[in-house]
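Engineer: Just need the structure, nothing else, for what follows:
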Amino acid sequence: MTLKVNLITGRTIDQGVTIENKTSSDYQEATAYCELNSNDAGKVGKPGSNIKIKTAHGEVVVKLKENNGNPDGLAFIPMGPWANALVDPDTKGCGMPGFKGIQATIDATNEKVLLMKELIARYK
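Structural biologist: Sure, this is the predicted structure:
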């Protein structure tokens, strides 16, 4: 089942702590996931499974996490290369892309989560 969501990104403590070592597995664990509430998560997989998120600007595979603080239809990905693959690169003159309110779809997938270097090479 394809789940339609409103995607937001933002900073997290774990993302900030690991930002100086972006090629580490700790950084990937801190940024290559998507949080959905348990109702939405159950439509696309189980916590820890891989999901594919698509927007008009790109697509990416990340791990699924549950966060029941999220309302239905809201997906959250920490700022980082996996979130950046989904945002509009047009900064509309302000120098900063829009990291909130991105229409996206989410599906279960057997594809792997790319390492940061693989992801960056794909989007060059």
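Engineer: Show me the residue at the heart of the chain, geometrically.
Structural biologist: Residue closest to the average C-alpha location in the chain (Cα atoms, centre = their mean): Ile77, at 3.8 Å.
Engineer: how much space between that residue and Ala56?
Structural biologist: 16 Å (Cβ to Cβ, to the nearest Å). For the C-beta atoms, the positions are set from N, CA and C on the backbone; glycine is no exception.
Engineer: coming back round to it: before we move on, what SS does the nearest residue in space to the residue nearest to the centre of the chain that is not next to it in sequence have?
Structural biologist: Distance criterion Cβ to Cβ, 6 or more residues apart in numbering; nearest residue to Ile77, sequence neighbours excluded, is Ala83 at 4.4 Å. Put simply, Ala83 is helix when judged by DSSP: H, G, I helix; E, B strand; the rest coil.
Engineer: Okay, buried residues for the helix or strand bottoming out on mean pLDDT in the chain please.
Structural biologist: Ranked by mean pLDDT, DSSP states H and E, the weakest helix or strand in the chain is helix 13-18, scoring a mean of 75. Neighbour counts over helix 13-18 (16 or more other Cβ atoms under 10 Å) mark 15, 18 as buried.
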